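A.B. asks: sequence and predicted model, in that order:
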Amino acid sequence: MKMDRFKDYDPGVRDLVLRFEKRGMGGGSFFDVDELEVIMDYYLEVSDDEALETAVNYGERLFPGSGEVRLRRAHLLSIRGQYDEALRILKTLEQTEPDNTDVCYAMGAVYGMMGRSQEAIACYQRAASDGYELDMVYGNIGDEYYNLGQLDRAAEYYRRAVSVNPEESRSLYNLACTEFERGNGEAGVEFFNRLVEDRPYNKWAWFGLGLLYGKMGLYERGADAYEYVLAIDNTLFDAYLGLADSYIDMGDKSRAVRTLRDALNYTDDPAYVLFCIGCLYKESGNLHTATVYFRDALKDDPAYAAAWCELGLCSQKMGYSDEAAGYFRRAIDLDPEGNTGWLCLADLYIANERWAEALQLLETNFHPIDGSITFAVRMCYCYYRLHRADKLQAFLAMWQYDRQALYFGLLATFPQLADDADLALFLLGHDINATDK
């Protein structure tokens with residue numbers, strides 16, 4: 001589905017942006033500072049940093065002394081991770097315009113990106129002095145308190161944001177999560193129930209209630225809440241996902257599939273939805289139908305590495321090992337830094353007793369600094385099957401893995417080895433060379 005990039009914007013904003021984009025092509029080429037602010041803010045809100053840079057460069061040429069243009073330059077730098085440069089501009093603006101709350105807000109955002117939450121909170125508090133967009137400011141303060149681990153203060157500010165704007169979606173969502181995380185789920189449910197009683201058409205309050213019920217294991221009530229959301233606004237994609245999750249938790253995968261199919265009409269990422277439907281069919285053992293959905297997901301997004309892996313797993317279970325290997329290799333090509341494709345292909349080789357090939361593949365992508373033993377477990381298994389106690393000894397000596405942890409990891413990954421006494425001797429026994437041939 002192609003989304004209208006001006007869907008939630010005033011026609012005047014659309015006209016300005018399009019005229020700016022057509023400048024030099026007979027569409028006019030001069031804009032005053034106020035018009036440029038609208039254009040730059042549009043690009044900032046839609047996260048188009050290249051277009052924002054073009055607009056900022058244009059503004060700096062026409063109005064080199066404009067604080068508003070310099071402020072947008074700081075925004076651009078912060079988006080690109082150039083926080084120190086952004087702060088230098090903002091601190092200069094703060095000296096010349098000490099009462100400019102937009103500068104305070106921008107500084108709060110930069111400090112937040114830098115992980116300096118206390119300084120971010122102080123800036124946001126100053127930004128709140130003008131009383132403008134307090135729901136967003138309080139929500140940001142809540143986020144920073146959450147980052148500091150101060151969940152009580154975080155919940156306090158999320159509630160403040162909601163008191164200013166009862167439909168502030170971000171704060172309602174975060175409030176539901178925070179209340180559950182701090183063990184205050186029942187009081188959170190009480191808060192959301194009062195909110196929907198006062199505002200029965202508040203879709204985001206119903207959404208937060210559904211989220212909280214789900215986290216508390218009250219899946220049927222969660223499903224009812226999401227149904228209310230969709231009765232109010234049947235285009236809200238996230239509510240379909242929440243409702244599908246509720247049905248999955250209730251063990252009703254068929255209704256989850258129907259819900260996700262309905263969601264296809266309201267998403268800009270159909271590949272993800274098709275992938276989720278495929279996973280549900282795969283989990284239910286319907287591999288042929290799962291394959292159809294994974295292929296549909298890949299038609300929409302051929303670079304979807306996870307879908308290639310799932311397609312490979314379905315093919316492997318249906319006995320098409322060569323096809324599966326090709327799909328896993330495609331996933332590896334698309335996401336060589338990820339582990340899933342490598343592990344799937346290694347497991348395929350292991351299942352077919354091609355241990356030497358599996359070992360070579362695993363050694364190629366072994367990164368012990370990841371802290372994961374998933375590769376190490378499979379490598380140990382291959383050493384065992386190949387009777388390479390010498391290689392296992394060298395491997396363990398080099399990386400200093402805990403043998404007992406590896407042993408139990410092997411049993412968890414390959415439960416058929418539980419009664420294999422030779423494995424325990426090979427990995428844990430006093431004479432580790434006993435099985436070396």
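C.D. replies: Perfect, thanks for sending it. No experiment lies behind these values; they were computed from the predicted model shown.

A.B. asks: for the record, mean pLDDT for the host helix or strand of Phe207?
C.D. replies: Assigned by DSSP states H and E, Phe207 falls within helix 203-215. Average pLDDT, helix 203-215: 97.

A.B. asks: contacts for it next, please.
C.D. replies: Here helix 203-215 makes contact (Cβ atoms under 8 Å, 6 or more residues apart in numbering) with 166-169, 172-173, 175-177, 179-180, 185, 188-189, 192-193, 195-196, 199, 219, 221-226, 228-229, 232-233, 236, 238-239, 242-243, 245-246, 249. The way it works is simple: take the backbone N, C-alpha and C, and place the C-beta from them, glycine included.

A.B. asks: starting at the chain centroid, how far to it?
C.D. replies: Relative to its chain's centre, helix 203-215 lies at 19 Å (Cα atoms, centre = their mean, to the nearest Å).

A.B. asks: right, and the helix or strand after that helix?
C.D. replies: Per DSSP H and E, the first helix or strand lying C-terminal to helix 203-215 is helix 219-232.

A.B. asks: may I see the buried residues of that next one?
C.D. replies: Tyr219, Arg221, Gly222, Ala223, Asp224, Ala225, Tyr226, Glu227, Tyr228, Val229, Leu230, Ile232 (16 or more other Cβ atoms under 10 Å).

A.B. asks: what's the answer for stretch 131-149, then?
C.D. replies: Buried residues in stretch 131-149, counted by 16+ other Cβ under 10 Å: 134-146.

A.B. asks: swap in stretch 316-326?
C.D. replies: Gln316, Ser321, Ala324, Ala325, Gly326.

A.B. asks: report the mean per-residue pLDDT for stretch 161-171.
C.D. replies: Averaging pLDDT along stretch 161-171 gives 96.

A.B. asks: which residues are in contact with the residue most central in space within the chain?
C.D. replies: Residue closest to the average C-alpha location in the chain (Cα atoms, centre = their mean): Tyr272, at 12.5 Å. With contacts defined as Cβ under 8 Å, 6+ apart, Tyr272 is in contact with Ala297.

A.B. asks: give me the neighbour count for Gly217.
C.D. replies: Gly217: 10 surrounding residues under other Cβ atoms under 10 Å.

A.B. asks: which residue packs closest to it, ignoring adjacent ones?
C.D. replies: Asp249 (7.9 Å; Cβ to Cβ, 6 or more residues apart in numbering).

A.B. asks: same check, this time on Leu343
C.D. replies: Per Cβ to Cβ, 6+ apart, closest to Leu343 is Thr374, 6.3 Å.

A.B. asks: next one: Tyr9
C.D. replies: Excluding the flanking residues, the one nearest Tyr9 by Cβ to Cβ, 6+ apart is Tyr42, at 6.9 Å.

A.B. asks: check contacts around the one you found.
C.D. replies: Counted by Cβ under 8 Å, 6+ apart, Tyr42 has contacts Tyr9, Val13, Leu16, Val17.
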